[in-house]
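In: give me coordinates for this.
(2 chains)
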2 protein chains.
Amino acid sequence: MKVAVLLAGCGVYDGSEIYETTITLLALDRAGVTYQCIAPDIEQAHVINHLTGEVDEGETRNVLKEAARLARGEVIELGQAKAEDYDALIVPGGFGVAKNLCDFAFKGAEMSIHPPVKDFIQAVHKAGKPVGLICISPTMTGLLFGDATCTIGSNTEVAAAIEQMGGRHQPCPVDDFVVDEENRLVTTPAYMEAGSIKEAAAGIEKLVDKILSMAG
Amino acid sequence: MKVAVLLAGCGVYDGSEIYETTITLLALDRAGVTYQCIAPDIEQAHVINHLTGEVDEGETRNVLKEAARLARGEVIELGQAKAEDYDALIVPGGFGVAKNLCDFAFKGAEMSIHPPVKDFIQAVHKAGKPVGLICISPTMTGLLFGDATCTIGSNTEVAAAIEQMGGRHQPCPVDDFVVDEENRLVTTPAYMEAGSIKEAAAGIEKLVDKILSMAG
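Out: Residues are numbered from 1 along each chain as shown, chains lettered A, B, ... in the order given. Below is the predicted model:
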């Protein structure tokens, strides 16, 4: 079994959430499953100084290069990835998902998804393979899958935006997940709710288990 | 109990190894232990494009800012850290340890340790608190602790350099650790040996357990 993991950079405020990604990869490896990290070759929306939370004016970083940093160099460009090569797809969270893969962080329910990202996730989905969306990633649910059920935890503003875009939101605690069996979609809040790394891990490890049981 | 985790940036080739750090923090959190990430406010020796492994000429990054990226913003500057505030210290690996915290990657056995890094680790050690060094970090053993026993796995060249600097090297498999009870030093090879993230995790989780039992 081989699982695609779609990345958005490296770092909670402008890329993929580092702990969510690491916990996902460790859970896959411990389950005896191979994974492939994938990222688009595009510039980040911006670079955040993680010490201050402010934009580092004048600095630019590339999503694929920073994803390579998170993947120890083992990443392929999104254009090279074929849905048929994978049994499932997982998208960890982090603001980079909402800034680089889509633009939810800037446009809310008026957002759009970077077309190659949308095409790839939909190709995996249309092949009947399960998709796992972590943390802020489920904001893409409506635009990707239409009337599918997901969770981002308890944030009512984000939940309302999800529903406005055609998805359905179901509240969920940090250590659990929501599954839409018909749409083969599994989601967990992770750092949308987590107060600590073990809280994020609890839900993510369950999501990975569920994804693998659906793909198996 | 509170454990200090000393970081060297964010990324295996020029900073702290991301997975080793994440696995360390998760193990500490799951053990019910508080941690504090700490890093020096210095420029990285260089920036590596993790897609190619080459130096990104002209790019500069700051160790403290990149450590903040790995720590979700929750990092303090090394100069603000006091040994007496912590019950133990762990230093994850990654080339950043051998490039930013010391210069082993450039000078081998002729290396020196960034003085504030050396002072802090020695202060923790002199207070009788256990120190855990992961991956390439044990190259600092001789200069820090003199005739203390450590492991970096099976790399004979690095092991010889450690002995040349006054430390003692003991070979060790990836899923285990070496403890020097007298010097209160625990070391594990992690990505000096690991072929996968679960292999790195096996040794690191045991190191964290051992450190906590020694600190408790």
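In: quick one: contacts of the helix or strand harbouring residue A:201?
Out: When secondary structure is defined by DSSP states H and E, residue A:201 falls within helix A:197-215. Residues from elsewhere that reach helix A:197-215 (C-beta atoms under 8 Å, 6 or more residues apart in numbering or on different chains): A:1, A:3, A:19-20, A:23-24, A:27-28, A:31, A:33, A:87-88, A:90, A:129-130, A:132, A:134, A:173-177, A:179, A:184, A:186-191, A:193-194, B:22, B:25-26, B:29-30. All C-beta spots, glycine's among them, are computed from the backbone N, C-alpha and C.
In: make it 6 Å
Out: With contact meaning C-beta atoms under 6 Å, 6 or more residues apart in numbering or on different chains, helix A:197-215 is reached by A:19, A:23-24, A:27, A:31, A:87-88, A:130, A:132, A:174-175, A:177, A:186, A:188, A:190-191, A:194, B:25-26, B:29-30.
In: stretch A:141-148 now?
Out: Taking C-beta under 6 Å, 6+ apart as the criterion, the residues outside stretch A:141-148 that touch it are A:113, A:121, A:150, A:162, A:165-167, A:180, A:183, A:185.
In: picking that back up, just the CA trace of the helix holding residue A:201, in CSV.
Out: Taking C-alpha atoms only, helix A:197-215 is exported to CSV below (Å, rounded to 0.1, in the frame of the first residue of the first chain):
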residue,chain,number,x,y,z
ILE,A,197,1.3,17.9,20.4
LYS,A,198,-0.2,14.7,22.1
GLU,A,199,-3.7,16.0,21.5
ALA,A,200,-3.0,16.5,17.8
ALA,A,201,-1.4,13.1,17.6
ALA,A,202,-4.4,11.3,19.1
GLY,A,203,-6.8,12.4,16.3
ILE,A,204,-4.2,12.1,13.5
GLU,A,205,-3.2,8.5,14.5
LYS,A,206,-6.9,7.6,14.4
LEU,A,207,-7.4,9.3,11.0
VAL,A,208,-4.4,7.4,9.6
ASP,A,209,-5.8,4.1,10.9
LYS,A,210,-9.2,4.8,9.4
ILE,A,211,-7.8,5.8,6.0
LEU,A,212,-5.7,2.6,5.9
SER,A,213,-8.7,0.4,6.8
MET,A,214,-10.8,2.1,4.0
ALA,A,215,-7.9,1.7,1.5
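In: check the offset of that helix from the chain's centre.
Out: For helix A:197-215, the gap between its own C-alpha mean and the chain's C-alpha mean amounts to 13 Å (C-alpha atoms, centre = their mean, to the nearest Å).
In: show me what counts as buried in it.
Out: For helix A:197-215, the neighbour count (16 or more other C-beta atoms under 10 Å in any protein chain shown) marks A:197-208, A:210-212, A:214-215 as buried.
In: quick check: the residue minimising distance to the centre of chain A vs residue A:111, distance?
Out: For chain A, the residue whose C-alpha lies nearest the mean C-alpha position (C-alpha atoms, centre = their mean) is residue A:91; its distance is 2.6 Å. With the distance defined as C-beta to C-beta, to the nearest Å, residue A:91 ends up 15 Å from residue A:111.
In: please apply the same query to residue A:94.
Out: Noted for residue A:94: a distance of 16 Å to residue A:111, by C-beta to C-beta.
In: more neighbours, the two?
Out: Neighbour comparison, residue A:94 and residue A:111: the larger count goes to residue A:94, with 33 against 18 (by other C-beta atoms under 10 Å in any protein chain shown).
In: which residue ranges form the strands in chain A?
Out: Taking DSSP state E as the test, the strands found in chain A are A:2-6, A:34-39, A:75-77, A:88-91, A:131-134, A:149-150, A:168-169, A:178-180, A:185-188.
In: of those strands, which approaches chain B most closely?
Out: Among these, strand A:75-77 comes nearest to chain B, with 7.1 Å by C-beta to the nearest C-beta.
In: which of the residues in that closest one are buried?
Out: Neighbour-count burial for strand A:75-77, with 16+ other C-beta under 10 Å as criterion, is recorded at A:75-76.
In: just checking, what packs against that strand?
Out: Contacts of strand A:75-77 with other secondary structure elements, assessed using 3 or more C-beta pairs under 6 Å, 6 or more residues apart in numbering or on different chains; DSSP states H and E, are made with strand A:34-39, helix A:63-70.
In: other residues contacting the longest one?
Out: Around helix A:63-70, the neighbours that count as contacts under C-beta under 6 Å, 6+ apart are A:7, A:9-10, A:15, A:21, A:39-42, A:44, A:75, A:77, A:100, B:11, B:49-51.
In: which among those residues end up buried?
Out: When those are checked for burial by 16+ other C-beta under 10 Å, the buried set is A:7, A:9-10, A:15, A:21, A:39-40, A:42, A:44, A:75, A:100, B:11, B:49-51.
In: per-residue pLDDT, the residue of chain A positioned farthest from its centre?
Out: Most distant from the centre of chain A: residue A:58, at 27.0 Å, with distances by C-alpha atoms, centre = their mean. pLDDT, residue A:58: 91.
In: coming back round to it: mean confidence (pLDDT) on the helix holding residue A:201, please.
Out: The pLDDT scores in helix A:197-215 average 98.
In: same check, this time on stretch A:179-188
Out: 98.
In: that one spans what distance, first to last residue?
Out: For stretch A:179-188, the separation between the terminal residues is 9 Å (C-alpha to C-alpha, to the nearest Å).
In: list the contacts of it.
Out: Outside stretch A:179-188, the residues within contact range by C-beta under 6 Å, 6+ apart are A:130-134, A:138, A:145, A:148-151, A:177-178, A:203, A:207, A:210-211.
In: wait, isn't residue A:116 in contact with residue A:80?
Out: No. The pair formed by residue A:116 and residue A:80 falls short of the contact definition of C-beta atoms under 6 Å, at 10.9 Å.
In: more neighbours, these two?
Out: More crowded of residue A:116 and residue A:80, by other C-beta under 10 Å: residue A:116, with 16 against 9.
In: ok so, going back, so which of the helices and strands packed on strand A:75-77 is the most packed in?
Out: Among the helices and strands packed on strand A:75-77, helix A:63-70 has the highest mean neighbour count (mean count of other C-beta atoms under 10 Å in any protein chain shown), at a mean of 28.
In: next to chain B, which bits of chain A? Give me the list.
Out: Chain A has residues A:11-12, A:18-19, A:22, A:25-26, A:29-30, A:49-51, A:65, A:68-69, A:72-73, A:196-198, A:201 near chain B, with proximity defined as C-beta under 6 Å from any C-beta of the partner chain.
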